[in-house]
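1. Give me a 3D structure for the following:
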Amino acid sequence: MNVVTPRLPEGCRELFNALYPSRDPQLLTDDLYAAELPDGIFINVGWFPESDPAGAYEICVYLGEFDNLILKPIETDDLNQVVRRIEKIAADFAKGIESVPAATSSPVHPQTGLVSTSCLVGTSGLVSTSTVVSLHFREFCHA
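-> Residues are numbered from 1 along each chain as shown. Below is the predicted model:
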């Protein structure tokens, strides 16, 4: 059985891939896929609960460390949707990020799913501490 491989744009690289088109409990782990995007952004995909065929994929996008999420985690049980979302997120981040004023003081904005953080790195360097990443991800957060 072959892994399903998302197409990543130039400037992005796959770190590991265990995205198999199977619900075999042995293949459903919390470490299925990771990619590095420009400016220290990472995509990580896992299956939760681990080894449970009734679970779902979780896509996380973070800056540097796992605890620095910059997008509300995306959950789906559809592998094709996982691949499409990885490709869209990677394409958007490869183009560069756009900073906008923070819309909320809470970690995850309820309408956009964007996460404010103390400092984000963009393609042009550091952006201010009162910014959030804006990449039009509303569709990812409300699937």
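2. Tally up the residues packed near residue 57, please.
-> Other residues within reach of residue 57, judged by other Cβ atoms under 10 Å, total 21. Bear in mind the C-beta positions are built from the backbone N, C-alpha and C, glycine included.
3. quick check, it in a strand?
-> Yes: assessed with DSSP: H, G, I helix; E, B strand; the rest coil, residue 57 lies in a strand.
4. Use 605 as the first number for this chain going forward.
-> From this message on, residue numbering opens at 605, which makes the last subject residue 661.
5. Bridged to it, which residues?
-> Per DSSP bridges, the residues bridged to residue 661 are residue 651, residue 680.
6. can I assume it is in contact with residue 688?
-> No: applying Cβ atoms under 8 Å, one finds residue 661 not in contact with residue 688, separated by 11.9 Å.
7. For this structure, just list every one of the helices.
-> Secondary structure of the chain (DSSP state H): helices at 683-699, 742-745.
8. Just to check, residue 638 is in contact with residue 649?
-> Yes: between residue 638 and residue 649 there is a contact at 7.4 Å, judged by Cβ under 8 Å.
9. circling back to that earlier point, closest one to residue 606 among the helices of the chain?
-> helix 683-699 (12.5 Å; Cβ to Cβ).
10. for the closest one, packing partners?
-> If you count contacts as 3 or more Cβ pairs under 8 Å, 6 or more residues apart in numbering; DSSP states H and E, helix 683-699 packs onto strand 637-640, strand 645-652, strand 660-667, strand 673-680, helix 742-745.
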